[in-house]
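Sequence and predicted model, in that order:
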Amino acid sequence: MPVAGAGSVSRRAAVLSAILPGLVQILEGRRASGGFVLWVWVGCLSILVLRWDLVFDAPLGPLDHQVAFITLLAGLLGAWAWSFRNLRRTQRSPQSEVTGMWGPVFQSFSGSRLAVLGLVTVGTAYLVALLVPFIAPYEPGITAGLGSDGLLRPSLEHPFGTDRLARDVLSMVLYGARISLSIGLVAVAISVTIGTVLGAVAGYLGGWSDGVIMRVVDVVMAFPRLVLLIAVVALFGSSLLLIILVLGLTQWPSTTRLVRGEVLSLRERDFVQAARALGYSRGRIIFRHIVPNVLAPVIVATTLGIGDMIVLEAGLSYLGLGVQANVPSWGAMVAHGQSNMLDAWWLSTFAGLAIVFTVLSFNLVGDGLRDALDPRLE
């Protein structure tokens, strides 16, 4: 009888996982991971049902529609795969816990509701940015069929209202997420990669290498970033690629200093001395033994840095130094609506709220990771 009962429970769990991936994990108490997977599944399935005509034509459509189609399939299949894989692992060992280096980190991070809420918000924002052709009610550069009558207040037809050109503000905010989130992610990836490599080399090698790298860091940090951005835009014009490169190539010094300080405390540890005694090359010691041990503060700096990049890009767009005027951007929307704050408050308000909540979510994730990765804060 116990075996049959166990099999019955297993079948019920399998059926629930097939219908609503993540629900079993929520019922077992893993609300963070299960809730996010269930949220992704319900959202992707809703898009598939409600926007079937767009989804069906997406594989042969523009590039952003193809990316949205791939993301939609990945969301549906990924939620299924994770739920069933997690279910089998749990049934094989019901009392199993997450082990390894990242096990305690995951458990500590999951215990912070604000950090989990921030992570869910960030994940949802990136999903929306990838799926925006299926979500936005209108194309960002097309009027909502209102003729010359613009500046409509928020309503059921246009939840965020329209601008003077009768463009739907909700659609512009959704499409603007692609610009802000992509700039933040790619620019931080560039800066963190450069900063980690240079900081590890400077901290491990020391001597003249450390002196040269750190003097370059001082020069870059002392140079006014806004003046550099204005000069670059004036010389080469504004483009998405140029903004990403300029932001990424001017934000790495702080990561370099952070990594260098961590490496200075690691290079005399026993495991590094053992690697030297075994005759390993400097490159192998740095990138195979030292860099993995400094990832914790780098990950925290990355999450916090993405929020800073989003704010910086919004500021550049507000000053007219961001991407082209025909590309929707949160900062540009705030700038365009500042002259109509009294009679058309919705033009700037919703884009500004998108910036605030996105940056706040990244900061919550960064704080949660910092608390989980730093044992001195326990």
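Yes, it's here.

neighbours of Val188, just the number please.
Close neighbours of Val188, defined as other C-beta atoms under 10 Å, add up to 27. Quick note: C-beta positions are derived from backbone N, CA and C, even for glycine.

isn't it right up against Gly307?
No - taking contacts as C-beta atoms under 8 Å, Val188 lies outside contact range of Gly307: 9.4 Å.

what number of residues lie near Glu262?
Count around Glu262 with other C-beta under 10 Å applied: 22.

longest single helix anywhere in the chain?
If you go by DSSP state H, the chain has its longest helix at helix 169-205.

If we go by neighbour counts, what in that one is buried?
Across helix 169-205, burial judged by 16 or more other C-beta atoms under 10 Å covers 169-188, 190-192, 194-204.

and if you look at stretch 317-335?
Buried residues in stretch 317-335 (16+ other C-beta under 10 Å): 317-318, 321-323, 327-335.

ok, of those residues, which one's closest to Arg113?
Among these, Trp330 lies closest to Arg113 (C-beta to C-beta), at 26.8 Å.

quick one on the thing from earlier: format the buried residues of stretch 317-335 as a markdown table; extra columns: pLDDT, distance to Ala275 and secondary structure.
Shown next, in a markdown table, are the buried residues of stretch 317-335 (pLDDT from 0 to 100; distance: C-beta to C-beta, whole Å; DSSP: H, G, I helix; E, B strand; the rest coil):
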| residue | pLDDT | distance to Ala275 | secondary structure |
| --- | --- | --- | --- |
| Ser317 | 77 | 47 | helix |
| Tyr318 | 76 | 49 | helix |
| Leu321 | 74 | 47 | coil |
| Gly322 | 71 | 46 | coil |
| Val323 | 71 | 46 | coil |
| Val327 | 73 | 49 | coil |
| Pro328 | 79 | 50 | coil |
| Ser329 | 81 | 47 | coil |
| Trp330 | 85 | 47 | helix |
| Gly331 | 82 | 47 | helix |
| Ala332 | 81 | 51 | helix |
| Met333 | 83 | 52 | helix |
| Val334 | 83 | 51 | helix |
| Ala335 | 80 | 53 | helix |
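
picking that back up, I'd like the next helix or strand past the longest helix of the chain.
Sequence-wise, the next helix or strand downstream of helix 169-205 (DSSP states H and E) is helix 207-222.

name the helices or strands packed onto whichever helix or strand comes after that following helix?
Moving toward the C-terminus from helix 207-222, the next helix or strand (DSSP H and E) is helix 225-236. Here helix 225-236 touches helix 240-250, going by 3 or more C-beta pairs under 8 Å, 6 or more residues apart in numbering; DSSP states H and E.

How far off centre is stretch 25-32?
In terms of C-alpha atoms, centre = their mean, to the nearest Å, the centre of stretch 25-32 is set 24 Å apart from its chain centre.

can you check stretch 68-79 too?
17 Å.

what does stretch 16-23 give?
Its chain's C-alpha centre and that of stretch 16-23 lie 26 Å apart, by C-alpha atoms, centre = their mean.

cool, and stretch 301-316?
That offset, for stretch 301-316, works out to 11 Å (C-alpha atoms, centre = their mean).

Show me what the mean pLDDT comes to for it.
Computed over stretch 301-316, the mean pLDDT rounds to 83.

can you list contacts of it?
Outside stretch 301-316, the residues that touch it by C-beta atoms under 8 Å, 6 or more residues apart in numbering are 179-181, 183-185, 187-188, 191-192, 229, 243, 247, 251, 254-255, 258, 322, 329-331, 334, 355, 358-360, 362-363, 365-366, 369.

repeat that for 6 Å
Stretch 301-316 is contacted from outside by 180, 183-184, 187-188, 192, 247, 255, 322, 330-331, 355, 359, 362-363, 365-366, using C-beta atoms under 6 Å, 6 or more residues apart in numbering.

Stretch 196-213 too?
Here stretch 196-213 makes contact (C-beta under 6 Å, 6+ apart) with Thr256, Val259, Arg260, Val263, Leu264, Arg267, Ile286, Ile290, Val291, Val298.

and if you look at stretch 339-353?
Leu151, Pro154, Phe160, Gly161, Asp163, Val173, Trp330, Met333, Val334, Gly337, Gln338.

so can I have TSV of the residues you listed showing distance to Leu72?
Shown next, in TSV, are the contacts of stretch 339-353 (distance: C-beta to C-beta, whole Å):
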residue	distance to Leu72
Leu151	34
Pro154	28
Phe160	24
Gly161	28
Asp163	29
Val173	21
Trp330	24
Met333	26
Val334	30
Gly337	32
Gln338	36
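
what's the most distant pair in those?
Comparing all pairs in these by C-beta to C-beta, the longest separation belongs to Leu151 and Trp330, at 19.4 Å.

ok, Arg276 to Asp270 distance?
To Asp270, Arg276 is 11 Å away according to C-beta to C-beta, to the nearest Å.

tell me the average confidence for stretch 277-293?
For stretch 277-293, mean pLDDT is 84.

end to end, how far does it reach?
This stretch, stretch 277-293, spans 19 Å end to end (C-alpha to C-alpha, to the nearest Å).

Buried residues in that stretch, which are they?
Ile285, Ile286, His289, Ile290, Val291.
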